[in-house]
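Trainee: Need the 3D shape of this:
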Amino acid sequence: MSTTFDLVLASASPRRSELLRQLGLNFSVVPSCADETELPGETPAQHVVRLSGDKAREVAARSDVPGRWFLGSDTIVLRDTTILGKPQDAEAAAAMLRSLSGRSHEVLSGFAVYDRQSDTLRSDLSRTEVTFKPLTEEEIAGYIASGEPFDKAGAYAIQGLGAFMVRRISGSYSNVVGLPLCEVIATLEDLGAIRLFPIAGD
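Mentor: Numbers count the residues shown, from 1 in each chain. You can find the predicted model right below:
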C-alpha cells in the first residue's frame, strides 16, 4: 500500500496506468491534449523529454482538474535515426517489423513530474536497447493478423504476443512497455509525491 498526494497521470495509455497500478499507487487519469509535433532541430531524446513536460503542464493548467503532482510521459521506438510511430495500416506495420527483424533498436521514454503547488518541473530520459530475432514473412503476417501492432509504436508490444520476437533487452523492461518505473518512482518519492512503503504510524 502506498500513500499518494493528488497524483495525476497525464496520459490515455492503458499500459502506463497498468504499470502504476501494479505498484499499488492511487492516482487519477486525465489524458493530455498537448501538441505532439516535433520541433525543428529537436533530437528524439529532446522531443520525448519536452513532450512529457508539455503533457504534464497542459493537464495541470486545467482549472477543473484537481491534483498537485502531474506525471507526463512519451515513448518512441528509434531505429538508427528514424522514429517509428504507430503503423497506420498492415502494410506499414509489416514494413516496420521487417526493418526491425534480426537487429537492435532503441526505445526512448521521457517522463516529467510537474508540481502545481511550486510551479516546478522535473524531467528525465530512459533508454532501452531491444534486439529482435530474424522474423519470417509468416511470423510477420501472423502477428499483424492478431491486431496487436496497430496502436503500438514500432508495431509491437513486448508485454503481449510481440514478446516472441524479442531475443534480448538491455535496460528497463517497463520502459519498453511505456513507463520506466524505477526512475519514475524514484523521482516521485524524491519529490514527496508518493511513499511506496509508508512508515508505520504515518
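
Trainee: Now the helix or strand hosting residue 55 - C-alpha only, PDB.
Mentor: Using DSSP states H and E, residue 55 maps to helix 44-60. Provided in PDB are the C-alpha atoms of helix 44-60 (Å, rounded to 0.1, in the frame of the first residue of the first chain):
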ATOM      1  CA  PRO A  44      14.400  12.300 -30.500                       C
ATOM      2  CA  ALA A  45      15.700  12.400 -26.900                       C
ATOM      3  CA  GLN A  46      14.900  16.100 -26.600                       C
ATOM      4  CA  HIS A  47      11.500  15.500 -28.200                       C
ATOM      5  CA  VAL A  48      10.300  12.900 -25.700                       C
ATOM      6  CA  VAL A  49      11.500  14.800 -22.700                       C
ATOM      7  CA  ARG A  50      10.000  18.100 -23.800                       C
ATOM      8  CA  LEU A  51       6.700  16.500 -24.800                       C
ATOM      9  CA  SER A  52       6.500  14.700 -21.400                       C
ATOM     10  CA  GLY A  53       6.700  18.100 -19.700                       C
ATOM     11  CA  ASP A  54       4.200  19.600 -22.100                       C
ATOM     12  CA  LYS A  55       1.700  16.900 -21.300                       C
ATOM     13  CA  ALA A  56       2.100  17.300 -17.600                       C
ATOM     14  CA  ARG A  57       1.800  21.100 -17.800                       C
ATOM     15  CA  GLU A  58      -1.200  21.000 -20.200                       C
ATOM     16  CA  VAL A  59      -3.300  18.900 -17.800                       C
ATOM     17  CA  ALA A  60      -2.200  20.900 -14.800                       C
END
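
Trainee: got a list of contacts for that helix?
Mentor: The contact list for helix 44-60 (Cβ atoms under 8 Å, 6 or more residues apart in numbering) reads 8, 10-11, 30-36, 38-39, 42, 65, 67, 70-76, 78, 81, 83, 108-114, 116, 121, 123-125, 127. Glycine gets a C-beta too; all of them are placed from N, C-alpha and C.

Trainee: Mind checking what helix or strand follows it in sequence?
Mentor: Next helix or strand after helix 44-60 toward the C-terminus (DSSP H and E): strand 69-79.

Trainee: tell me the mean pLDDT over that next one?
Mentor: The pLDDT scores in strand 69-79 average 96.

Trainee: That one vs helix 44-60, what angle?
Mentor: 150 degrees (axes from the mean of the first three to the mean of the last three Cα atoms, to 10 degrees).

Trainee: Neighbouring strands of strand 69-79 in the sheet, and parallel or not?
Mentor: Strand 69-79 has its sheet partners listed here by DSSP bridges as strand 7-9 (parallel), strand 82-84 (antiparallel), strand 104-115 (antiparallel).

Trainee: Give me the distance from the longest one to the chain's centre.
Mentor: Put simply, strand 104-115 sits 6 Å off its chain's centre (Cα atoms, centre = their mean, to the nearest Å).

Trainee: Flag every buried residue along that strand.
Mentor: 105, 106, 107, 108, 109, 110, 111, 112, 113, 114, 115 (16 or more other Cβ atoms under 10 Å).
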